[in-house]
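Undergrad: Got a sequence here, can you build the structure:
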Amino acid sequence: MILDLIEKNKNITQREMSIAIGSAVSMVNNFLDDYEQKGYIKRKYLSTKTVEYFVTKNGSERKKILNISYLNNSLKVFKSASEDIVRFLNQIIDKGFKRILLYGAGEVAEILLQTLTIERELPIDVLGIIDDDEDKQNTFLVGVPILSIESIRKLDFDGILISSYTNQHLILNKLQSINYPQNQISQFFEY
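TA: Numbers count the residues shown, from 1 in each chain. Below is the predicted model:
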């Protein structure tokens, strides 16, 4: 990240770098010293407090290697997470849920929908996403409409999948308060 930041802005300060990577300024300084010794960067001192940084050819090659390694590891994590989601979705299918609603239009719902887009052979149709946030209602997430809880009465579906971690208990309580059948509720984080 430091090499990338320098390539984008040769006048970046160590404080700006530390904020961007979530580290102490002293740690950034240690990295910069190390990178300079390894020939990844060069510094041009304009004054005692003003420095321009330049990524060398070796630094650019090192950044490419680090990016490839990062992408490779990220792909492994993605594949593993995707396999977990597919296993979970197969459990939902085994329960007889093929036409479902998600409850919670956040990151979890987006990941579930993206997985269903990739894993087209899974026989699950997400008819909509229930969300209590009125600003989200009447919009779309990955092409699926975001609806109010009142929509439950208007749709023909097999069950609801709670797709929120932080609000799962609130959502479960809300579904129970409208007497939605417990056996038609699944929770992603329950498994």
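Undergrad: What's the biggest helix in this protein, counting residues?
TA: Identified as the longest helix of the chain according to DSSP state H is helix 57-94.
Undergrad: Got phi/psi on the residue positioned nearest the centre of the chain?
TA: Nearest residue to the geometric centre of the chain (CA atoms, centre = their mean): Glu107, 6.1 Å. Here is the backbone geometry of Glu107 (degrees, to the nearest 10): phi -60, psi -40.
Undergrad: Buried ones in the longest helix of the chain, by neighbour count?
TA: Gly59, Arg62, Lys63, Ile85, Val86, Phe88, Leu89, Ile92 (16 or more other CB atoms under 10 Å). Using the backbone N, CA and C atoms, a C-beta is placed for each residue, glycine as well.
Undergrad: And the closest residue to Ser148 other than its chain neighbours, how far from Ile68?
TA: Spatially, and ignoring its direct neighbours in sequence, Ser148 is nearest to Gln137 (5.3 Å; CB to CB, 6 or more residues apart in numbering). Applying CB to CB, to the nearest Å, the value for Gln137 to Ile68 is 42 Å.
Undergrad: got it, and Ile162?
TA: From Ile162 to Ile68 the distance is 38 Å (CB to CB).
Undergrad: Also Arg62?
TA: The gap separating Arg62 from Ile68 is 11 Å, by CB to CB.
Undergrad: same question, Thr115
TA: Taking CB to CB, one finds Thr115 at 25 Å from Ile68.
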